[in-house]
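> With the sequence up front, the predicted model follows.
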Amino acid sequence: MAREQWGTKVGFMLAAVGSAVGLGNIWRFPYITGEYGGGAFLLVYLVCVAIIGLPVILAEFSIGKRGQLDAVGSYRKTAPSKVWVAGGWLAVTTSFLIVSFYAVITGWVLHYMFGYLMGSVQQVESGGVEGYFLDTIGATWTPIFWLVVVMAIIVGILYFGVQKGIELSSKIFMPLLAIILVILAGYSLTLDGALEGMSFLFIPDWSALADPALYLAAIGQSFFTLSLGMGIMITYGGYLSRQTGTNLPATARNVVILDTLFAIVVAVAIFGAVYAIGMEPSQGPALIFVVLPEVFNQMAGAGTIFAIAFFFLVFIAALTSAISLAEVSISAAIERFKISRQKATLILGALITVLGVPSALSQGGPLSEFLIFGLPFLDFVDTLTDSYFLPIGGLIVVLLVGWGWTKRATLDEADFRNPMIATLYLILLRFIAPAMIIIILALNIFGS
Ligand code: ILE
């Protein structure tokens, strides 16, 4: 059977953007920016995206395009020796682990959306949303129920394959997301006090730069949000046609710009609203589940509509990302075990759901006392992947493409037309990106 491919270049780009834009932009980026002091974090983050994110995403696309297989197969086919294949298996493991808790959080989002539709969240009295949130995620059946619903939707879409599943859903969802987001941000800016939020976001407080943890957070965020180090962009690159030609540098640049724009506009919407009602943005992971609903509830009538639009937005963004995460192991199963897409999707969908259960029960629920290295299951899987697996995966990518391949192959696969930019790419790929990744790995391992 012929291997699946993207239908169009735009379809490929939108699928990559669909993967990149997710909970990382809407849930993680605003709260991390809030915790690390706003503007200064934003600035460092932008630098990281440009000098690490961009070369790594391009390198991942190149591995896939050259290998024309799943993440494991593409490593095997393009690497000079067998040891590199470990990078492929690491990517499969990482994406599998991440999607198991990512789907749990996506389930919380769906719960909020339905809560607003049924009228229950808006009835929570002022100051009470935190209790509502803790009750939701600390329950037994509620998080499991929504996990199963989310996984069923993911399996349903992936069952249809690359063009009719991933590509089509991205083509519909991405423009829709942009529209909802622009309306939300526009509205947020009209609120009294929103400007204060903008100065928090855009005017750097330079003293925040003295905190080394800020740099770690910025690099970590750029990996997470651009879907790097998890085999996604390799897998998606594997569905590119070698015949029709693809302008990979332009695609990589567009994905990075759109993902970053998205994160910034989300932050504008959120910080504008949070400051307008006089709350603080440094509330950590509860920002969109506690602080924002408080904001929506204070907005009276219109609040409900905005809340539903917002949680729908988060859900769709998370869904297209979860799809890309699951696709890494599904495509590996199809190629490694020579089974059909349908079979692979059903089996992996079931396995991911099973692994998601302990995460779903770990946030105040029955498994909250079960700690691994002092962390509840979800936090453990999150930290393990985020602090270790993603940077190691990214490092293997840059070492393979930057050093394992010949210089000619590296440049040919990336398809550069401008020699100056090609040289810059080589410098970033061979020296800057590996050096920075090794530093953050060392800091993560030996403590900062
Ligand atoms: N890049 C996406 C996000 O920012 C996912 C990360 C794939 C795991 O949410």
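Ah, there it is.
> For the rest of this, base every contact and every neighbour count on C-alpha atoms.
Will do.
> Let me see the contact set for residue 317.
With C-alpha atoms under 8 Å, 6 or more residues apart in numbering as the criterion, the residues that contact residue 317 are 18, 21-23, 173-174, 177.
> Residue 428 reaches residue 55, doesn't it?
Yes - using C-alpha atoms under 8 Å, residue 428 is in contact with residue 55, at 6.6 Å.
> residue ranges of the helices in the stretch 101-250 of the chain, please?
When secondary structure is read from DSSP state H, counting those that start in this stretch, the stretch 101-250 of the chain shows helices at 129-138, 141-158, 161, 168-190, 194-202, 212-225, 232-237, 248-276.
> With distance to residue 384 and mean pLDDT as extra columns, can I get those in TSV?
Compiled in TSV, the helices of the stretch 101-250 of the chain are given as follows (distance: least, C-alpha to C-alpha, whole Å; pLDDT from 0 to 100):
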stretch	distance to residue 384	mean pLDDT
helix 129-138	21	93
helix 141-158	21	97
helix 161	30	89
helix 168-190	29	88
helix 194-202	29	91
helix 212-225	12	93
helix 232-237	18	97
helix 248-276	24	93
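> So which of these is the most surrounded?
Mean neighbour count, computed with mean count of other C-alpha atoms under 10 Å, is highest for helix 232-237 among those, reaching a mean of 31.
> Show me the contact partners of that helix.
Outside helix 232-237, the residues that touch it by C-alpha under 8 Å, 6+ apart are 12, 16, 19, 57, 60-65, 68-71, 74, 95, 227, 324-325, 327-328, 331.
> Now which of those would you call buried?
Under a neighbour-count criterion of 16 or more other C-alpha atoms under 10 Å, the subset of the contacts of helix 232-237 counted as buried comprises 12, 16, 19, 57, 60-65, 68-71, 74, 95, 227, 324-325, 327-328, 331.
> Could you list which of the residues you listed also contact the ligand?
The subset of the buried ones among the contacts of helix 232-237 within reach of the ligand, counting by C-alpha under 6 Å from any ligand atom, consists of 19, 227, 325.
> Pull the contacting residues for the last one.
This points to residue 325. With contacts taken as C-alpha under 8 Å, 6+ apart, residue 325 has the following neighbours: 19, 95-96, 98-99, 230, 232.
> Just flag the most distant two among the residues you listed.
Farthest-apart pair in the contacts of residue 325 is 19 and 96; separation 14.5 Å (C-alpha to C-alpha).
> If you count surrounding residues, which of residue 428 and residue 55 has more?
Comparing residue 428 with residue 55 by neighbour count (other C-alpha atoms under 10 Å), the higher total belongs to residue 55, at 27 against 21.
> Now the residue in the stretch 301-448 of the chain positioned nearest to the ligand. Nearest residue, chain neighbours left out?
Checking the stretch 301-448 of the chain residue by residue against the ligand with C-alpha to the nearest ligand atom singles out residue 321 as nearest, at 4.4 Å. By the measure of C-alpha to C-alpha, 6 or more residues apart in numbering, the closest residue to residue 321 outside its immediate chain neighbours is residue 19, 4.0 Å from it.
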